[in-house]
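**Q** give me the fold of what follows.
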Amino acid sequence: MPVALTVALLGLAGIGFQVGRRRAIARARAMQGDGAGFGRILHSLPGYHGLYVMLCCLIPGLLAFAIGGVLVHGSDNPDRAWAAIAAAVLALAAVGLVWARRHIRPDFRARNLVERAILVLLIACSLLSILTTVGIVLSLLFEAMRFFAGVPITEFLFGLQWSPQIALRSDQVGASGSFGAIPIFAGTLLITVIAMIVAVPIGLMSAVYLSDYANPKVRAVVKPLLEILAGIPTVVYGFFAALTVAPFLRSLGATIGLDVASESALAAGAVMGVMIIPFVSSLSDDVMNAVPQSLRDGSYALGSTKSETIRQVVFPAALPGIVGSILLAVSRAIGETMIVVMAAGLTANLTANPFAAVTTVTVQIVTLLVGDQEFDSPKTLAAFALGLVLFVITLCLNIVALRTVRKYREKYD
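**A** Below you'll find the predicted structure:
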């Protein structure tokens, strides 16, 4: 019923657009006879009159639809309730259509009203985004404060043991657990560093080739192929890391006498690095192309080779944008979950050994909230504390990256 009602409402709105448009044209032609030059008679184009009627039809219907959708959950007979809602929605939409059609005349300022309505809609969408962000932050803060009321923040931020309480029943009384998050932060940092060791050199070298060495035809093919890496689902990367990269590293380590775990930070970090190469290469390529050609020409005129020009002119000029691309890639690596779950494991180990199994903040958030949980235990509330820390870290990285890129654009745009 909701889908059919939506289709019917949109169809009625489309009819309203055609009715308003034709009504405006007919009124203009009636005032000028043959219709030649009727556009000069209308204050607004016929399309604006059509949009006005469509909005007057659509807005009351959508409001009734939204209110009815909330009220139908408390109804004992949902089918009958949806039938009544459908009748009310379509009736209000029809009334709005007829009412708006009566206002159509040559001097009617339909464009002003339509643009004002669109402005209100854009402001409402912006406020919705802001309020959603504020709601997320407040929910994290509220639940994190509940967690810190039972677990000292110093223990959480500086403790070395991570073993959260796992309640099997709602009435079970267990140990308080250990909530030292240093091993999780260390694992996140280790995998991120490995990923950036893979992504930064390859991404920067790719950007240098695309911006200064590749001809336009090669660049038009290679750049989209690199950017496809960012569109591959992370679960595919996880399967690749777990089924191909991890066994290869384990067998290679056994060959040279190294003890490589079946799930290791190296496998997850390497595959994650491949995934975030486009974040470095694409943005770095764009900022290097934005460096004025006059700087390159001046360097060539002084006798510099292409490689010297890239190292001594292009790179320093594009450095803010390159730093911004790297910071954005770091934020993406910190927030990755699926690859770590499938290739690095769930064990919180405080180690700098890339061949050992580790875990990250995002993986632990997922682990803590899996299954039916009561949101009144330290084990569950710890996920919100981890989420708050992750939010602060990624927010700081994004702010630094955006300010760095903005500084570059102000200088060279």
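
**Q** what's the longest helix in this structure?
**A** helix 110-150 (DSSP state H).

**Q** what's that one packed up against?
**A** Judged by 3 or more CB pairs under 8 Å, 6 or more residues apart in numbering; DSSP states H and E, helix 110-150 is in contact with helix 46-71, helix 378-412. Placement of C-beta: from N, CA and C, glycine included.

**Q** quick one: closest of those helices to residue 142.
**A** Nearest of those to residue 142, taken as CB to CB: helix 378-412 at 8.2 Å.

**Q** may I see the buried residues of that closest one?
**A** 378-391, 393, 397, 400-401, 404-405, 408 (16 or more other CB atoms under 10 Å).

**Q** and residue 303, which of the helices and strands packed on helix 110-150 is closest to it?
**A** helix 378-412 (24.5 Å).

**Q** specify the angle between that closest one and helix 110-150 in degrees.
**A** Helix 378-412 runs at 130 degrees relative to helix 110-150, counting by axes from the mean of the first three to the mean of the last three CA atoms, to 10 degrees.

**Q** mean confidence (pLDDT) on helix 378-412, please.
**A** Regarding helix 378-412, the rounded mean pLDDT is 77.

**Q** try stretch 47-59
**A** 86.

**Q** how about residues contacting it?
**A** Residues outside stretch 47-59 that contact it (CB atoms under 8 Å, 6 or more residues apart in numbering): 9-10, 12-21, 23-24, 42, 93-94, 96-97, 99-101, 103-104, 108, 110-111, 113-114, 117.

**Q** for it, buried residues please.
**A** Residues of stretch 47-59 classed as buried by neighbour count (16+ other CB under 10 Å): 48, 49, 50, 51, 52, 53, 54, 55, 56, 57, 58, 59.

**Q** that one: how far from the chain's middle?
**A** Remark: stretch 47-59 is offset 32 Å from the chain centroid, using CA atoms, centre = their mean, to the nearest Å.

**Q** using PDB, list the CA coordinates for it.
**A** Output in PDB follows, covering the C-alpha atoms of stretch 47-59 (Å, rounded to 0.1, in the frame of the first residue of the first chain):
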ATOM      1  CA  GLY A  47       7.100  25.700 -16.400                       C
ATOM      2  CA  TYR A  48       7.100  27.700 -13.200                       C
ATOM      3  CA  HIS A  49       3.300  27.700 -13.100                       C
ATOM      4  CA  GLY A  50       3.400  24.000 -13.600                       C
ATOM      5  CA  LEU A  51       5.900  23.600 -10.700                       C
ATOM      6  CA  TYR A  52       3.700  25.800  -8.500                       C
ATOM      7  CA  VAL A  53       0.700  23.600  -9.100                       C
ATOM      8  CA  MET A  54       2.800  20.500  -8.600                       C
ATOM      9  CA  LEU A  55       4.200  21.700  -5.300                       C
ATOM     10  CA  CYS A  56       0.700  22.700  -4.000                       C
ATOM     11  CA  CYS A  57      -0.400  19.200  -4.900                       C
ATOM     12  CA  LEU A  58       2.600  17.300  -3.500                       C
ATOM     13  CA  ILE A  59       3.300  19.100  -0.200                       C
END
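
**Q** just say helix, strand or coil for residue 356.
**A** coil (DSSP: H, G, I helix; E, B strand; the rest coil).

**Q** how many neighbours does it have?
**A** Using other CB atoms under 10 Å, the number of residues around residue 356 comes to 20.

**Q** before we move on, back to that, ok, of the contacts of stretch 47-59, which come out buried?
**A** Of the contacts of stretch 47-59, these count as buried by 16+ other CB under 10 Å: 9, 12-13, 15-17, 19-21, 23-24, 42, 93-94, 96-97, 100-101, 104, 108, 110-111, 113-114.

**Q** A strand includes residue 196, no?
**A** No. Using three-state DSSP, the assignment for residue 196 is helix, not a strand.

**Q** check it and give its pLDDT.
**A** For residue 196, the model assigns a pLDDT of 91.

**Q** where does the stretch 201-350 of the chain dip in pLDDT?
**A** Within the stretch 201-350 of the chain, not a single segment meets pLDDT under 70.
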